[in-house]
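Q: Pasted the sequence and its predicted model underneath.
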Amino acid sequence: EEQVQRVRTGLQEKVSQLETQIQSKLDLAQSRREQLEQEQLEKLRSHNNEKLAEVRQTIENHAKEIEQKVGKGLQERLEIASQNRVKELEKRLENIRKHERRAEMVRQNKERMANQNDEQETASSG
């Protein structure tokens, strides 16, 4: 019986040691699993941040392109409007010049007519 008791005690110690070892390995495995999960989460966060940065950059670039196109189109429209304004002013100036030439011709004709009338009066009275 004593020998049986020693064998049982030895077996219980062995079982206890094995349980401790198994529990230790389970704890270690759990710790590794949690660490791997954290690493994967970090990688995903990092990847998401990189993707977000890329998307933001793409959006900013697209917005700048649109802004430049709109600005360019607006600039072209302003230039065309300015050119049209200049043409319109030139037409008005030309019309004014024509009117002034016509008015000058009328004045000269009046003066000629007045001179002819004076000469006729002078000739008829003389």
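A: Ah, there it is.

Q: For burial, what's the neighbour tally of Ile22?
A: 10 (other CB atoms under 10 Å). Backbone N, C-alpha and C define where each C-beta goes, glycine included.

Q: Renumber starting at 156 from here on
A: With 156 as the first residue, the last one maps to Ile177.

Q: Check what pLDDT it gets.
A: Per-residue confidence (pLDDT) for Ile177: 97.

Q: Please, which helix or strand holds Asp182?
A: In the assignment (DSSP states H and E), Asp182 maps to helix 157-280.

Q: elements contacting that helix?
A: The helices and strands touching helix 157-280, judged by 3 or more CB pairs under 8 Å, 6 or more residues apart in numbering; DSSP states H and E, number zero.

Q: chain center to it: distance?
A: From the chain centre to the centre of helix 157-280 is a distance of 0 Å (CA atoms, centre = their mean, to the nearest Å).
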